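Colleague: Here's a sequence, model it:
(chains A and B)
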Protein chains: 2
Amino acid sequence: MTNLRIPGPTPLPPQVLKSLSKQMINHRGKSYEEIHERVIKNLKVFFQTKNDIFLLTSSGMGGLEAAVANFFSPGDRIVSFTVGEFGQRWADVARAYGADVLQVKFPLGTAVTIEKVKEVLAKEINVKGVFVTLNETATGVLSPVAEIGKIVKADLSGPLFLVDSISSLGAVNCSMDKIGIDVLVTASQKAWMAPPGISMIAVSPKAWEAHKKAKNPRYYFDISLFKKFAEKNQTPATPAVSVIYALDTALQMMVKVGKEKVFKKHLELMKYTREKISKMGLQLFVSDKDASPTVTSIKVPEGVDAHDWLGLMKKKYDVVLAGGMGETKGKIIRIAHMGFVSKKELDEALDAIRESLKEMHVNL
Amino acid sequence: MTNLRIPGPTPLPPQVLKSLSKQMINHRGKSYEEIHERVIKNLKVFFQTKNDIFLLTSSGMGGLEAAVANFFSPGDRIVSFTVGEFGQRWADVARAYGADVLQVKFPLGTAVTIEKVKEVLAKEINVKGVFVTLNETATGVLSPVAEIGKIVKADLSGPLFLVDSISSLGAVNCSMDKIGIDVLVTASQKAWMAPPGISMIAVSPKAWEAHKKAKNPRYYFDISLFKKFAEKNQTPATPAVSVIYALDTALQMMVKVGKEKVFKKHLELMKYTREKISKMGLQLFVSDKDASPTVTSIKVPEGVDAHDWLGLMKKKYDVVLAGGMGETKGKIIRIAHMGFVSKKELDEALDAIRESLKEMHVNL
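Modeller: Down below sits the predicted model:
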């Protein structure tokens, strides 16, 4: 069987695959409402929040667009701390809605720094929102959102603090309520062991206040409609029922294991992967300090064509890894270790990395 | 097993349920691209078009929002011919994006009339778009889009002709190219025998021209991005892979049967349902002329509480029908006959309608 180690869609456990093949039900009936209620309750455990959480039928990018459409108006000043491709896309969404975006970029493979956040916010006046990517999928970088949150909250303009946790929440310890995140977005196909199709967005009371004044156009992603239907444990439009079945099963498994164990496992798999990669003589793209618990980037050795390398691993070892994106295309490959994964599958993938290089006569 | 006869989500055939439990694959790899290509090819058979078709990961409402976001600018004059709740929502989406909407409403339970379309368009100048719902799910009314299309195309302002075919395409003969529809939207959970999560939008060359000038904000639903990725048989963001597996399986089944047979079957089931309902002494909400091939509305008899009636059918016969929406709430119930359905399931549902009324001592 294919060893799929890209950072989403991630492989699904057998129980989740089984739940996907359940027959359809009425999305306005009790059976659906019970599932919806349980999914929200279990999501709150991993979001570590008492805030509202809504299930959007969309990819993660839809959740990021909902975060722009619901809380801002054209011309609003937004500061985007960007460390890679997905941070870039979120800033692009804000620009598409007419925001006045200050994009502060960090060198590829490095995280947002506290110093830079302090420096930028000290100069800015009337910032309405601060965007940070908790885990940049494109490079495997984790940014220190807890510390950034403190600086954002101390800012006199009172900006909203919005975090993209698409490829990390459910795997990484990030307490929405303790940190004081106002809008937190994630998606089903990453650490949640479910297929793509559902994005989750959590909304703080402060974000609700901003929502009331926000003039960006919205309907499909309008959280006011979601709030109204949430009272009945429903969604405004027909939700992706089969994906919600899967998410429900996966969340029950995750809650049973316990969030601390889930977080610890991901940290261990990160360390394990990084150590093995280093021992092979390969270079990690990201420092220990900034490393992601869900995805690890490896520098492509001198003289190796990344596309050929990935192709060989797929063809000969049935191991599927991801390449770089944008500026890192051809320069890194990425291996995911989130959700439904054990050391066994990681070992197989790491073996494929080593053996394929040997086969290409690469001396490390 | 529950006999689910609401107008979406509709029940899934066993083969489709099975395909839902296939393991995840790389959405940037060959296996996905082959599925995507086949889905688009087979959709074109039922859309009866050579135009681009894109797979949006969203509910049908997301497709209707994409139709507003991609082809119009704030202030654009849009004429919405509205026959029920879903036509109303589409007009609301256009208003949310700042369109200048002229909403022409028809009495509930009746279709758009050619006369009214002629009359309205003769008075209007500079109309940018005309919205029509092919099949109004909320009442079970089919509007004559082919005839409406001729009038719209003759209009000197050159408006786009946009059709919501969410609960009808795949079941009803509606040739996008012959009629000259510019934007056609449908969704996976209706006649397509797939679960909710994918909305399909088809775009004519004329709509592409309008898209280039359209200033409404968009990113997640931006068809320019979809077009770019479609060259590789991919989508810009991670698609709802499992729903696409299901859609692929269902479409292969539909193409094998042949579109003419599929259309004919739905017309037969419509006639069969209406005859049986009338024979029971119940009143149909919609005339033969305006009747929908996918969903039939039945007037709730005097003295019967619709909610109790639906509850009794669910509890005692495990038959799930839908109630009215908005102004028809409590006044009609709806029975769907689209997608994966045979006379056997319809008979069971119709029996439940008759027997439950007896049980409630209703004399028809």
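Colleague: OK, contacts around the residue of the stretch 251-364 of chain A at minimum distance from chain B?
Modeller: Using CB to the nearest CB, residue A:320 is the residue of the stretch 251-364 of chain A that sits closest to chain B, at 5.2 Å. Yep, even glycine has a C-beta here, placed from its N, CA and C like the rest. Residue A:320 is in contact with A:2, A:3, A:4, A:5, A:6, A:313, A:314, B:26, B:29, counting by CB atoms under 8 Å, 6 or more residues apart in numbering or on different chains.
Colleague: let's see it at 10 Å
Modeller: Residues counted as contacts of residue A:320 (CB atoms under 10 Å, 6 or more residues apart in numbering or on different chains) are A:2-6, A:310, A:313-314, A:335-336, A:349, A:352, B:25-26, B:28-29, B:31.
Colleague: could you flag which of the residues you listed are buried?
Modeller: When the contacts of residue A:320 are checked for burial by 16 or more other CB atoms under 10 Å in any protein chain shown, the buried set is A:2-6, A:310, A:313-314, A:335-336, A:349, A:352, B:25-26, B:28-29.
Colleague: Pick out the most distant pair among these.
Modeller: The span of these, defined through CB to CB, is set by A:352 and B:28 at 18.3 Å.
Colleague: The closest residue to residue A:166 other than its chain neighbours: how many residues sit nearby?
Modeller: Spatial nearest neighbour of residue A:166, excluding adjacent residues (CB to CB, 6 or more residues apart in numbering or on different chains): residue A:60 at 4.0 Å. Other residues near residue A:60 number 30, with proximity taken as other CB atoms under 10 Å in any protein chain shown.
Colleague: Please tell me how far residue A:60 sits from residue B:65.
Modeller: For residue A:60, the distance to residue B:65 equals 18 Å [CB to CB, to the nearest Å].
Colleague: One more: residue A:325?
Modeller: 27 Å.
Colleague: Have a look at those two and say which one is more surrounded.
Modeller: residue B:65 (32 against 17).
Colleague: That one belongs to a helix, doesn't it?
Modeller: Yes: counting by DSSP: H, G, I helix; E, B strand; the rest coil, residue B:65 is found in a helix.
Colleague: That one is in contact with residue B:58, isn't it?
Modeller: Yes: assessed by CB atoms under 10 Å, residue B:65 is found in contact with residue B:58 at 8.0 Å.
Colleague: Now for these two: what residues contact both?
Modeller: A:220, A:221, A:237, B:199, B:220, B:221.
Colleague: Tell me which helix or strand the second one sits in.
Modeller: This points to residue A:221. Here residue A:221 is covered by no helix or strand, with elements defined by DSSP states H and E.
Colleague: Look up how far residue B:350 lies from the closest residue in space to it that isn't next to it in sequence.
Modeller: Using CB to CB, 6+ apart and skipping the chain neighbours, the partner closest in space to residue A:221 is residue A:66 (3.8 Å). When CB to CB is the yardstick, residue A:66 and residue B:350 sit 42 Å from each other.
Colleague: Among the two, which residue is more densely surrounded?
Modeller: Taking other CB under 10 Å, residue A:66 and residue B:350 do not tie; residue A:66 has more neighbours (26 against 21).
Colleague: Could you check the pLDDT of that one?
Modeller: At residue A:66, the predicted lDDT confidence score is 98.
Colleague: who touches it in this structure?
Modeller: Residue A:66 sits in contact with A:54, A:56, A:58, A:93, A:183, A:185, A:199, A:201, A:203, A:218, A:220-223, A:226, B:220, where contact means CB under 10 Å, 6+ apart.
Colleague: again, but for residue A:26
Modeller: A:32-33, A:241, B:2, B:4-6, B:8-9, B:314, B:320-322.
Colleague: pLDDT, secondary structure and distance to residue A:289 added to the residues you listed, as CSV?
Modeller: Output for these, formatted as CSV (pLDDT from 0 to 100; DSSP: H, G, I helix; E, B strand; the rest coil; distance: CB to CB, whole Å):
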residue, pLDDT, secondary structure, distance to residue A:289
A:32, 98, helix, 45
A:33, 98, helix, 45
A:241, 98, helix, 42
B:2, 95, coil, 54
B:4, 98, strand, 53
B:5, 98, coil, 58
B:6, 97, coil, 54
B:8, 95, coil, 50
B:9, 97, coil, 47
B:314, 97, helix, 57
B:320, 98, strand, 55
B:321, 98, coil, 59
B:322, 98, strand, 56
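Colleague: quick check, nearest of the residues you listed to residue A:20?
Modeller: Comparing the contacts of residue A:26 against residue A:20 with CB to CB places residue A:241 closest, at 10.2 Å.
Colleague: Could you check how far the closest one is from residue A:177?
Modeller: Relative to residue A:177, residue A:241 is positioned 30 Å away (CB to CB).
Colleague: out of these two, which sits in the more crowded spot?
Modeller: Neighbour tally, residue A:241 and residue A:177, criterion other CB under 10 Å: the higher count belongs to residue A:241, 25 against 14.
Colleague: wait, that one sits on residue A:22?
Modeller: Yes: using CB under 10 Å, residue A:241 makes contact with residue A:22 at a distance of 8.8 Å.
Colleague: For the stretch 201-350 of chain A, which segments count as helices?
Modeller: A:205-213, A:223-230, A:241-257, A:259-279, A:306-317, A:343-359 (DSSP state H, counting those that start in this stretch).
Colleague: any idea which of those helices is most buried?
Modeller: Highest mean neighbour count of the helices of the stretch 201-350 of chain A: helix A:241-257, a mean of 22 (counted as mean count of other CB atoms under 10 Å in any protein chain shown).
Colleague: orientation of that helix relative to helix B:241-257 in degrees?
Modeller: If you take axes from the mean of the first three to the mean of the last three CA atoms, to 10 degrees, helix A:241-257 sits at 150 degrees to helix B:241-257.
Colleague: near chain B at all, helix A:241-257?
Modeller: Yes: Helix A:241-257 is in contact with chain B by CB under 10 Å from any CB of the partner chain, via A:241, A:242, A:243, A:244, A:245, A:246.
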